[in-house]
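Enquirer: sequence unknown, structure follows:
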């Protein structure tokens, strides 16, 4: 009886170790559990895990975007020895030492959405925020006829996405000297602060031709504030992210356009890259997602809930890299 | 009785009335050691100690403040400001000692402002420190425009990565600060005044003790400790960030209360604070290791804190 | 109304007078410096923002009067808003409102029970509830945003009545109701007694424990109501709703002259405090001052205001 028990125990122990190698554990870091953008990232990541046969676990700070907590999460995860890490820093500078520790521990890292320097990563997956800022600003400028007054509602000033999107906006503004930037104030990527900031700006500037918001969450809020004040027709609003809320606003005409910043695709591709790297596949050091401006005419595909979205075709995406 | 035995007596006496946090710590450590194979690994235990160093240092200062029936909500923002000033000075090629000195000075000055308004103007500590929190936070944000300050000289990393006599620097710093605070609290007149201000301020005043000046010193000490903690946190991130410690003061207050120090009556002690801070650190580390989802972690931490304090309250009643 | 003012102790009178003078000075200064400040539109915006702040700080005022504090108001606001949003977005507006208020009530009762019956300090009890409410909110929302509420519900936050925003009217009604409760009912007067002299209050046979539970329950329910107004205003709910409103709510209460030691203060002060905060933010936006300076301004104003109160109190005694 005892021998049988030992044999059974041995049989149970060995396969689990083998299984652990067959289904690698990938940890996917996101900035918080409040913003639906990161939810889309997690959904995409889970799909990659399911398609490619890996166990995906998630790590996000309990206090949204908290630097100290994310540092702690990285350190705790190093102890758990995941097969690979998919990572976005809540602060692209302050998390450098933590990722350097991950590098030292020999755990491969794929970074996505926010670039980091001075760390080793298998690849970087993301959209180019500077190009996005440039394209969406150019779109807005064209839609108001090339001249007028605009207002910029910024994201969290320290975030690399906000900084790069603003740089892109400034590049577009330089090309159109007849556009006057009335004000640039942070809404911190959140709806209520953006609404309140914009309300006050509306009082200061009776004429605003266009508003650029660093994300859709804020843009939808701004467009509603305009509608409530009866100024909806006179001011055009653009955002970034192409979240369902923003798409609905575009389809109803409250907002003009947004730029695709697909958390779902980024999560899927970054996690796929991590898993494929473990299999020994080779791919470029950077996988850039194309910049797509979404307006009423082409908005339909983005209105789908994130769970039902089709996953990008890995090979097609790699093919497109050679052209970019 | 020789000095060593006397020195041991105080902590032993306190340990006989162990706060709930001690049982909590033991329970959590045992549970996680069973549930997670990595929990008791030397690397992980080392991590826990390193991760708690800054919190414990700040909590020690907070203990003194709470012992005087006060509270300090500005410590997190002051820590951020100290780090930012130090970082900015270092990034523009200032010397390390000057930058460290500036950070320490800011911590002490902020503490003196808090203390002066509480002691001499007679304002409630909650409001004074809430106001100073806003001011310190604003200054830190304006100086950095919300960005991290990088480009720090490699020497800074010693505060987190360095090892001296085989012990990591943050743990040494924590031990040194703890030892110094212990001496301050239990072996000096200052310490006796701290307990007395909380328990029986009138008597002290009638005895002619300059209570108000000592109260300012308490808040100044808390500010000084926040500055020291800022060295460790800045080194850990290799960057100074204005909001790096926002919310830390609430964690510190929780650690102090969990450790048995009471908001009223001025009793309690720093061993309790140490245990309370470690209990929370172990809880959060353990929850990460067993892979509990973030959403549930938040609720669990709240439940554990409230349960621990509730059990203590019920225990004290009977 | 005049009778209620005459009943105010001298300290509250000092508070009301100084704060009103400050508001007047601030309005005058901003009107001179910024041409768009003193317009009807802008005043409406300021009032609405102040009303939102006040709805959240009102319940907190009652708790602080008893010498306690409620750190969970922001998180309870968010949780209740999310719970309500889940029903409202599907069209069950009344059910959603009741669910939200119920969630706030439940959290408040738990807070009150912990403070009154278990004897936990209010700071820790409500701090723990802050975490629990946040956590439950995260679990409920699963990282999503709920958006697109029926127009009827949205009027609560964005609508107008007699050319005043509905949140302002709600705030005014709440102010009146709470003022009456505080000064004309036994419950209200008991709150002052519990804060001012808890031992004496107990000895006079007041059901202090029951009252404590009631006051925290009220705080939770009012936070829930504020949450409904916020999501009606922005037409969306996510688990981060209300997070940033806690500290400004406390500041509004303190600015209004309600002492954290309990026993002194009132709801009128909180209303004025909320108005001051809204004016400062609006004014700074009008003048183009970077938002980073707002916390500084509030910190300075808070300290100066309470310094004045404390000095006045000392001169009087």
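Expert: Done, it's in. Note that the structure is predicted; figures quoted are calculated from it, not measured.

Enquirer: How about the residues of the stretch 101-250 of chain B by chain A?
Expert: The stretch 101-250 of chain B has residues B:144-148, B:150, B:157, B:160, B:233, B:236-239, B:241, B:243-245, B:247-248 near chain A, with proximity defined as C-beta under 8 Å from any C-beta of the partner chain. Bear in mind the C-beta positions are built from the backbone N, C-alpha and C, glycine included.

Enquirer: got the residue ranges for the strands in chain A?
Expert: Taking DSSP state E, the strands of chain A run over residues A:25-29, A:55-59, A:84-87, A:109-112, A:123-127, A:148-154, A:179-186, A:210-213, A:236-238, A:257-259, A:286-289, A:293-295.

Enquirer: any low-confidence regions in the stretch 1-150 of chain C?
Expert: Applying pLDDT under 70 to the stretch 1-150 of chain C flags residues C:1-8.

Enquirer: just the helices in it please.
Expert: If you assign secondary structure with DSSP state H, counting those that start in this stretch, the helices in the stretch 1-150 of chain C sit at C:2-7, C:10-33, C:40-65, C:73-88, C:93-113, C:122-141.

Enquirer: Throw these into a markdown table and include distance to residue A:32, thanks.
Expert: Supplementary listing: the helices of the stretch 1-150 of chain C in a markdown table, determined by distance: least, C-beta to C-beta, whole Å:
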| stretch | distance to residue A:32 |
| --- | --- |
| helix C:2-7 | 46 |
| helix C:10-33 | 36 |
| helix C:40-65 | 22 |
| helix C:73-88 | 13 |
| helix C:93-113 | 22 |
| helix C:122-141 | 9 |
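
Enquirer: now check the helix or strand hosting residue C:173, is it near chain A?
Expert: Per DSSP states H and E, residue C:173 falls inside helix C:166-184. No - counting by C-beta under 8 Å from any C-beta, chain A has no neighbours in helix C:166-184; the shortest distance is 11.8 Å.

Enquirer: Can you say which of the residues of the stretch 101-250 of chain B next to chain A are buried?
Expert: For those, a burial check counting by 16 or more other C-beta atoms under 10 Å in any protein chain shown picks out B:144, B:146-148, B:150, B:157, B:160, B:233, B:236-239, B:241, B:243-245, B:248.

Enquirer: ok, back up a step: which strands and helices lie in contact with the helix holding residue C:173?
Expert: In terms of contacts (3 or more C-beta pairs under 8 Å, 6 or more residues apart in numbering or on different chains; DSSP states H and E), helix C:166-184 is packed against helix C:2-7, helix C:40-65, helix C:151-158, helix C:186-196, helix C:208-234, helix C:267-286.

Enquirer: Which residues are in contact with residue A:102?
Expert: Contact analysis of residue A:102 by C-beta atoms under 8 Å, 6 or more residues apart in numbering or on different chains lists A:74, A:78, A:85, A:87, A:109.

Enquirer: Look up the closest residue to residue A:213, ignoring the ones flanking it.
Expert: Leaving aside its sequence neighbours, residue A:213 sits nearest to residue A:219 (C-beta to C-beta, 6 or more residues apart in numbering or on different chains; 3.7 Å).

Enquirer: Next, count neighbours for that neighbour.
Expert: By the criterion of other C-beta atoms under 10 Å in any protein chain shown, residue A:219 has 33 neighbours.

Enquirer: so what's it up against?
Expert: Applying C-beta under 8 Å, 6+ apart, the residues near residue A:219 are A:153, A:211, A:213, A:237, A:238, A:239, A:240, A:246, A:249, A:255, A:258.

Enquirer: Could you measure from it over to residue B:218?
Expert: Noted for residue A:219: a distance of 49 Å to residue B:218, by C-beta to C-beta, to the nearest Å.

Enquirer: Tell me, what's the model's pLDDT at the residue in the stretch 51-200 of chain A positioned nearest to chain C?
Expert: At 3.5 Å from chain C, residue A:200 is the closest residue in the stretch 51-200 of chain A, using C-beta to the nearest C-beta. For residue A:200, the pLDDT comes out at 86.

Enquirer: Next, count neighbours for the residue nearest to it when sequence neighbours are not counted.
Expert: Closest residue to residue A:200 apart from its sequence neighbours, by C-beta to C-beta, 6+ apart: residue C:285 at 3.5 Å. If you count neighbours by other C-beta under 10 Å, residue C:285 ends up with 22.

Enquirer: Compute the inter-axis angle for the helix holding residue C:173 and helix C:186-196.
Expert: Using axes from the mean of the first three to the mean of the last three C-alpha atoms, to 10 degrees, one finds that helix C:166-184 and helix C:186-196 are set 80 degrees apart in direction.

Enquirer: got the residue ranges for the strands in the stretch 1-150 of chain B?
Expert: Along the stretch 1-150 of chain B, counting by DSSP state E, counting those that start in this stretch, no stretch forms strands.

Enquirer: Output the set of residues of it in proximity to chain C.
Expert: Residues of the stretch 1-150 of chain B lying near chain C by C-beta under 8 Å from any C-beta: B:71, B:117, B:121-124, B:126-128, B:130-135, B:137-139, B:141-142, B:145-146.

Enquirer: Inside helices: which ones of these?
Expert: The helices, defined by DSSP state H, take in B:117, B:126-128, B:130-135, B:137-139, B:141-142 from these.

Enquirer: which pair in those residues spans the largest distance?
Expert: Farthest pair in those (C-beta to C-beta) is B:126 and B:142. Separation: 24.9 Å.

Enquirer: Spatially central, which residue of chain C would that be?
Expert: Nearest to the geometric centre of chain C sits residue C:57, at 1.0 Å (C-alpha atoms, centre = their mean).

Enquirer: That residue contacts residue C:267, doesn't it?
Expert: No - Residue C:57 is not in contact with residue C:267 according to C-beta atoms under 8 Å; the separation is 9.1 Å.

Enquirer: Mind pulling up the pLDDT for residue 49?
Expert: Answering for chain A, as no chain was given. 95.

Enquirer: wrong one, chain B
Expert: At residue B:49, pLDDT is 93.

Enquirer: Can you give me the end-to-end span of stretch A:55-73?
Expert: Using C-alpha to C-alpha, to the nearest Å, the end-to-end distance of stretch A:55-73 comes out at 18 Å.

Enquirer: got the buried residues for that stretch?
Expert: For stretch A:55-73, by 16+ other C-beta under 10 Å, it's A:56-62, A:64-73.

Enquirer: repeat for stretch C:10-22
Expert: Quick answer for stretch C:10-22 (16+ other C-beta under 10 Å): C:11, C:12, C:14, C:15, C:16, C:18, C:19, C:22.

Enquirer: Stretch A:141-153 too?
Expert: A:141, A:144, A:148, A:149, A:150, A:151, A:152, A:153.

Enquirer: Stretch C:252-267 too?
Expert: Using 16+ other C-beta under 10 Å as the test for burial, stretch C:252-267 gives C:252-260, C:262-267.

Enquirer: quick one: is it near chain B?
Expert: Yes - against chain B, stretch C:252-267 shows contacts by C-beta under 8 Å from any C-beta at C:254, C:259, C:260, C:261.

Enquirer: Dump these into JSON lines; add secondary structure as well.
Expert: Listed next are those as JSON lines, based on DSSP: H, G, I helix; E, B strand; the rest coil:
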{"residue": "C:254", "secondary structure": "helix"}
{"residue": "C:259", "secondary structure": "coil"}
{"residue": "C:260", "secondary structure": "coil"}
{"residue": "C:261", "secondary structure": "coil"}
